[in-house]
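1. Structure, please.
(one chain, ligands or ions: 1)
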Amino acid sequence: MNFENILCDLSDGIAVVTVNRPDKLNALNQITISELDACFMALAKDSACQVVVMRGAGEKAFVAGADIGEMATMKADEAETLARRGQALMNRIENLGKPVIAAVGGFALGGGCELAMACSFRYAAENAKLGLPETGLGLIPGFGGTQRLARLVGKGRALELVLMGGMISADEAAAMGLVNKVLPQEDLMPAVMKVASILAAKSSFTLRMALQAVNEGLEMSQESGCHLEAALFGVCGASEDAHEGCSAFMEKRKPNFQKP
Ligand code: COA
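-> Model prediction:
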């Protein structure tokens, strides 16, 4: 896949998607949003891709937000359309059916923080700075940030970040559960790639079921979520991968899961 503003490298089941506008701190302009959308649409269908790693080019930023230059003179319908396009991208990533790991180095602000939150989980470098600074621009987060942040860290912390519009350090983000782990800058990508390779060796069918159970279950009451979990457990339990995984454990060998 050839794009102007993103790179996508796929090998050994792992696709590394890089937002590649380092001179603009990888800000998400309209072209970049379209390219990310097309890339994730293709990765969803590509059976060679089992796991995705999302990163930004350069050392300074993961993604410093939506492109502010494109937002300076928006009309209401244009702003709403932008939000819907951004949200559609984030929903596609969250519901890809494959794990997406965010490798957050440097700034992850606004749409960048929202992009990281749409991923399955986040590892951050010590230099990461996260936040939703939109109120300082006379805006509110529009790519799902008001919704995903409250679900990830709770309403009180989300409201503080959204209303104040400040930036927090990687350690602060980890303490509130916004990122899962903080690593020295040089260790970030090796650690993320190691986790990605562990996931790539698992049953992709099983991972899809697990993602569905958590993502869809969170939108339901706990009781309904447990019904969903039981139904998906039923589907998994009857699968060849479950039979292979359990047999392999009993036979003290590594499982040999189906290739998608
Ligand atoms: N949209 C468009 N351009 C952006 C951008 C964004 N969100 N964030 C950074 N850039 C551009 C800058 O305009 C600058 O471009 P230039 O060299 O052509 O002038 C370049 O990226 C480097 O940014 P700069 O501001 O010079 O770097 P810095 O180290 O001084 O500051 C930040 C870094 C992240 C604090 C600052 O760029 C910033 O506040 N960015 C906006 C963050 C934001 O509000 N995001 C939410 C948008 S909804």
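2. Can you identify each of the strands in the stretch 51-200 of the chain by residue range?
-> 51-56, 61-63, 100-104, 107-109, 121-125, 129-131, 167-169, 181-183 (DSSP state E, counting those that start in this stretch).
3. Kindly reformat these as JSON lines and extend each row with distance to the ligand.
-> Where you see a C-beta, it was placed from the backbone N, CA and C, and this is true even at glycine. Below are the strands of the stretch 51-200 of the chain laid out as JSON lines (distance: least, CB to the nearest ligand atom, whole Å):
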{"stretch": "strand 51-56", "distance to the ligand": "11"}
{"stretch": "strand 61-63", "distance to the ligand": "7"}
{"stretch": "strand 100-104", "distance to the ligand": "13"}
{"stretch": "strand 107-109", "distance to the ligand": "4"}
{"stretch": "strand 121-125", "distance to the ligand": "15"}
{"stretch": "strand 129-131", "distance to the ligand": "8"}
{"stretch": "strand 167-169", "distance to the ligand": "8"}
{"stretch": "strand 181-183", "distance to the ligand": "19"}
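4. deepest of those strands, which one?
-> Greatest average neighbour count among those goes to strand 61-63 (a mean of 29), per mean count of other CB atoms under 10 Å.
5. Tell me which strands that strand pairs with, and in which orientation.
-> strand 107-109 (parallel) (DSSP bridges).
6. re earlier: quick one: the strands of the stretch 51-200 of the chain as TSV, columns for mean pLDDT too.
-> Formatted as TSV, the strands of the stretch 51-200 of the chain follow (pLDDT from 0 to 100):
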stretch	mean pLDDT
strand 51-56	98
strand 61-63	98
strand 100-104	99
strand 107-109	98
strand 121-125	98
strand 129-131	98
strand 167-169	98
strand 181-183	98
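7. Within range of the ligand, give me the residues from the stretch 101-250 of the chain.
-> Residues of the stretch 101-250 of the chain that fall close to the ligand, judged by CB under 6 Å from any ligand atom: 107, 109-111, 133-134, 137.
8. just to revisit the earlier point, including distance to residue 154, could the strands of the stretch 51-200 of the chain go into JSON lines?
-> Listed next are the strands of the stretch 51-200 of the chain as JSON lines, based on distance: least, CB to CB, whole Å:
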{"stretch": "strand 51-56", "distance to residue 154": "24"}
{"stretch": "strand 61-63", "distance to residue 154": "23"}
{"stretch": "strand 100-104", "distance to residue 154": "20"}
{"stretch": "strand 107-109", "distance to residue 154": "19"}
{"stretch": "strand 121-125", "distance to residue 154": "17"}
{"stretch": "strand 129-131", "distance to residue 154": "16"}
{"stretch": "strand 167-169", "distance to residue 154": "14"}
{"stretch": "strand 181-183", "distance to residue 154": "20"}
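9. mind checking which of those strands is nearest residue 212?
-> Shortest separation from residue 212 across the strands of the stretch 51-200 of the chain is recorded for strand 100-104, at 14.1 Å, computed as CB to CB.
10. how much does the closest one deviate in direction from strand 51-56?
-> Going by axes from the mean of the first three to the mean of the last three CA atoms, to 10 degrees, strand 100-104 is angled at 30 degrees with respect to strand 51-56.
11. so what does strand 100-104 touch, helix or strand wise?
-> Judged by 3 or more CB pairs under 8 Å, 6 or more residues apart in numbering; DSSP states H and E, the packing partners of strand 100-104 are strand 51-56, strand 61-63, helix 111-118, strand 121-125, helix 185-200.
12. Looking at the ones you listed, spot the one closest to residue 87.
-> helix 111-118 (8.8 Å).
13. Show me what that closest one is packed up against.
-> strand 51-56, strand 61-63, helix 76-94, strand 100-104, strand 129-131, helix 145-153.
14. can I get these in a markdown table with distance to residue 176?
-> What follows is the helices and strands packed on helix 111-118, written out as a markdown table (distance: least, CB to CB, whole Å):
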| stretch | distance to residue 176 |
| --- | --- |
| strand 51-56 | 21 |
| strand 61-63 | 18 |
| helix 76-94 | 20 |
| strand 100-104 | 14 |
| strand 129-131 | 10 |
| helix 145-153 | 5 |
